[in-house]
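**Q** Predicted model, plus sequence, below.
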Amino acid sequence: MIIVMQKNASTEQVNQVGEKLQEKGFKVHVSEGVERTIIGAIGNRTQAIMEFIEMLAGVEKAVPVLQPFKLASKEFKSEPTLVKVKDTVIGGEQFQFIAGPCAVESREKYLEIAQLVKELGATMLRGGAFKPRTSPYSFQGLEKEGLEILAEAREITGLPVITEIMDPRMIELVADYADVLQVGARNMQNFFLLKELGKVDKPILLKRGPSATIEEWIMAAEYIISSGNDQVVMCERGIRTFETYTRNTLDLSAVPLIKQLTHLPIIVDPSHGTGKWRLVEPMALAAVGAGCDGLMIEVHQRPGEALSDGPQSLTPQHFGALVRKVKGIITSFTECK
Ligand code: PEP
Ligand code: MN
């Protein structure tokens, strides 16, 4: 349930309600909004407990949250969560262009593409150092060396870097280098990893699993938040359907749904979402129309030579054109407001 405090409730009253809830076996999460404080209470809710809580000083009402996700829900927090990444923010008024190759392939190539995408409008850099590949014989990533290259690219460009974390044993290492830790689609329901990421002081970009429902995906976010980290960004990257022309089916209805159901920002990845570079720009424009907070785009200087995901990678030139069009849409949206 959530406990909505009165507008003028004091910190003392909030603390008192929190203590009473804990005494009754609830886990307590406080969300201080602009208008009022809301307390999320996870535990065994009964009518009697709700009535008891409603009698405490400073409480306006106790409301049951019927959805299985609580802390990620819009009821718990009505204002959008702003995820801070170095000097910038994912969510709210900002729009993020996260760009870079699928994998960090070499120092020279990565530093070159990082500077190119920055000049073309990227606001964050991506690149896998640990790659989740279907085949154990495919390129697995440069691992620690890849992380060092990402850090060097951040030094040179000033842009924050996002990279995938696949294994709880690697969290400390990856968090030492990356500004945002990405949970890949294949790991969306790796609950142990999610719980460990809840203890990390870095934002988490949570990709949707290839066959995850929206509810399962939000529940994955709930794992991270309930373990202590509320800096979660959702990322729609397509789901597996019967369609074979595309690698995945990009589910753009996820964008308004996530906005309606949760307070979390959402990024769209039309590269993995389609698997075809020619579909990346049109789906990116549609994603912006649907209201996403940013795009994640794979860009490679020579897609034909990429060690992974070449067919869905844009050239820098095509990425530049995409950025210009997206900016045009955002400007026209702002003018309509
Ligand atoms: C990636 O971003 O490189 C990646 C592997 O994505 P996904 O987990 O969505 O397949
Ligand atoms: Mn990829």
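**A** Perfect, thanks for sending it. Numbering: from 1, shown residues only. Ligands and ions are numbered 1, 2, ... in the order given.

**Q** residues in contact with E236?
**A** Residues in contact with E236 (CB atoms under 8 Å, 6 or more residues apart in numbering) are 208, 250-252, 254-255, 258, 266-269, 273, 287, 292. Every C-beta, even on glycine, is put in place using the N, C-alpha and C of the backbone.

**Q** Pull out the CA atoms of stretch 138-150 and give them to me as CSV.
**A** C-alpha atoms of stretch 138-150 as CSV (Å, rounded to 0.1, in the frame of the first residue of the first chain):
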residue,chain,number,x,y,z
SER,A,138,31.5,-15.5,-31.8
PHE,A,139,33.5,-12.4,-30.6
GLN,A,140,32.9,-12.1,-26.8
GLY,A,141,34.1,-8.6,-26.3
LEU,A,142,37.4,-7.1,-25.1
GLU,A,143,36.4,-7.3,-21.4
LYS,A,144,38.6,-5.2,-19.1
GLU,A,145,40.5,-3.7,-22.0
GLY,A,146,37.2,-2.7,-23.5
LEU,A,147,36.2,-0.9,-20.3
GLU,A,148,39.5,1.0,-20.3
ILE,A,149,38.9,2.1,-23.8
LEU,A,150,35.4,3.3,-22.9
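
**Q** and stretch 299-310, anywhere near ligand 1?
**A** No. Stretch 299-310 does not reach ligand 1 (CB under 6 Å from any ligand atom); its nearest approach is 6.7 Å.

**Q** any idea of the mean pLDDT for that stretch?
**A** In this model, stretch 299-310 has a mean pLDDT of 98.

**Q** ok, and what's touching it?
**A** With CB under 8 Å, 6+ apart as the test, stretch 299-310 has contacts from 99-103, 105, 109, 112-113, 116-117, 122, 128, 131, 133, 138-139, 271-272, 277, 298, 311, 313-316, 319.

**Q** tell me which residues of it are tucked away?
**A** Within stretch 299-310, the residues scored as buried using 16 or more other CB atoms under 10 Å are V299, H300, P303, A306, L307, S308, D309, G310.
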